[in-house]
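[1] with the sequence up front, the predicted model follows.
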Amino acid sequence: MRRASRMNKIPPYLFLELDKLIARQREMGRDVISLGIGDPDQPTASVAVEALKRAVDNPETHRYPNYLGSLDFRTSMAQWYHNRFGVELDPRSEVLGLIGSKEGIAHLIWAMAEPGDIVLVPDPAYPVYYTQTILAGAEPYALPLTAERQFLPDLSAIPENVWARAKMLWLNYPNNPTGAIATRDFYEEAVQLCLKHDVLLCSDGAYLDIGFDGYQAPSILEIPGAKNIAIEFYSLSKPFNMTGWRIAAAVGNPEAIDALGTLKSNLDSGPFTAIQDAAIATLDSNPIPFIQSMNALYQERRDLAVKALNNMGIPITPPRSTFYLWFPAPFGMSSQEATNYFVQYADVVLTPGEAYGDHGRGWMRISLTIDTARLQEGLDRMARALRDHPPV
Ligand SMILES: *Cc1c(COP(=O)(O)O)cnc(C)c1O
């Protein structure tokens, strides 16, 4: 059996090595604490759970769903964007239901990019933008995210001949893995440049509703004129602890929504209607208090983790959003060395920064989606390891 040659172009998955390492440690009876995965540990909002139970009892929900998401779901999403961001959306042409935003992100690249095209991809970044660009036969062009620039790409440094071949620009703020946020000025520049070069501006909004110290992230669609060139992915996964449910939406530019909907209707059948009903109940319920309670919990964890890392001599400023901390590997270790070191000496798993791209090399990510006491235990073990087994 021989796989398609395009499969050879996908980079090796670093998490596989990590998994093997964890498995080996656990077989040896070690109590491994994983700070690697960004997956909320708290239960889904109860309004969603109760609504799903009711919806499943209705046989109407058992049939094929609407390909584009039910009009009720799309209307709720439009209302949410109105309430939350002051952005007006036409539920019929500017909102599309997704089986999680990962699916929509991947398929939008297939709907837009082909051999000869460039896709502008931040580095480090959520790996899907890069791998799907490669699989679609298009060319990723890396936009370095550096601490010096607050992890915002330098769009003015993109050469004209790159803009000329570019089809899409991917942005993800609040940002995974760096925890960075976008300024309004940066968004305005991005919209202006994408309009000028006719490049679809793709905003991955997975963390729009995670925010600390009162921070509320803007939608890119708040920028005047953005809807002429931008699409945004809003996911219920992270703010409502619904990663397993697979429910999200693409919103914004109607041509891009139509391209994605056309592709998707040829390969899937939309999200399960009962899950859409649960999402409607959640969005319509005034979910702000739920969002605030989760943010308060992550903020408490953020503060204890930042303090612990600073005490280890690891410099880090508290991020305003996301449930990640992004920091240089201590003692000048490489990401991979630091990953192995903390597994070996602390039974703690961190994510090596290079899993998110070349510019993540030398960086580490920890996730705050773990029971607070367990998080503290993991950090204590890291501190003890650095004291008792100083890396050289
Ligand atoms: C978690 C995550 C997603 C995927 O979310 P789903 O809607 O659950 O598919 C997309 N983008 C980023 C940056 C993420 O961290």
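    It's in. This one's a predicted model, so the numbers in the text were calculated from it and none came from an experiment.

[2] mind giving me the domain split of this protein?
    Here the domain assignment for the chain is 5-43+288-386, 46-286, based on the TED database.

[3] run the chain-centre distance for the longest one.
    The offset between the C-alpha centroid of domain 46-286 and the centroid of the whole chain comes to 10 Å, using Cα atoms, centre = their mean, to the nearest Å.

[4] how about that domain and the ligand, touching?
    Yes: judged by Cβ under 6 Å from any ligand atom, domain 46-286 and the ligand are in contact via 100-102, 126, 172, 176, 204, 206, 235, 237-238, 243, 248. The C-beta positions use only the backbone N, C-alpha and C, and glycine is treated the same way.

[5] out of those, name the ones that lie in strands.
    204, 235, 248 (DSSP state E).

[6] grab the nearest non-local neighbour of the first one.
    To tie it back to what came earlier, the one meant is Asp204. Spatially, and ignoring its direct neighbours in sequence, Asp204 is nearest to Asn172 (3.9 Å; Cβ to Cβ, 6 or more residues apart in numbering).

[7] quick one: distance of the least confident helix or strand in the chain by mean pLDDT to the chain centre.
    Ranked by mean pLDDT, DSSP states H and E, the helix or strand of the chain with the weakest confidence is helix 14-27, at a mean of 80. In terms of Cα atoms, centre = their mean, the centre of helix 14-27 is found 23 Å from the chain centre.

[8] can you list contacts of the very next helix or strand once past it?
    Using DSSP states H and E, the helix or strand that follows helix 14-27 towards the C-terminus is strand 33-34. Residues from elsewhere that reach strand 33-34 (Cβ atoms under 8 Å, 6 or more residues apart in numbering): 22, 347-349, 370, 374, 377-378, 381.

[9] state the distance from Gly261 to the ligand.
    Using Cβ to the nearest ligand atom, to the nearest Å, one obtains 17 Å as the distance from Gly261 to the ligand.

[10] hang on, the earlier thing: the least confident helix or strand of the chain and the ligand in contact?
    No: applying Cβ under 6 Å from any ligand atom, one finds helix 14-27 out of contact with the ligand, separated by at least 13.9 Å.

[11] who does that helix touch, helix- and strand-wise?
    helix 335-346, strand 348-349, strand 351-352 (3 or more Cβ pairs under 8 Å, 6 or more residues apart in numbering; DSSP states H and E).

[12] which residue ranges form the strands in the stretch 201-350 of the chain?
    For the stretch 201-350 of the chain, the strands defined by DSSP state E, counting those that start in this stretch cover 230-235, 248-252, 324-328, 348-349.

[13] possible to save the ones you listed as JSON lines with mean pLDDT and mean neighbour count?
    Formatted as JSON lines, the strands of the stretch 201-350 of the chain follow (pLDDT from 0 to 100; neighbours: other Cβ atoms under 10 Å):
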{"stretch": "strand 230-235", "mean pLDDT": "98", "mean neighbour count": "26"}
{"stretch": "strand 248-252", "mean pLDDT": "98", "mean neighbour count": "29"}
{"stretch": "strand 324-328", "mean pLDDT": "97", "mean neighbour count": "23"}
{"stretch": "strand 348-349", "mean pLDDT": "95", "mean neighbour count": "22"}
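
[14] make TSV from those and add distance to Asn58 to it.
    Listed next are those as TSV, based on distance: least, Cβ to Cβ, whole Å:
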stretch	distance to Asn58
strand 230-235	25
strand 248-252	22
strand 324-328	38
strand 348-349	42
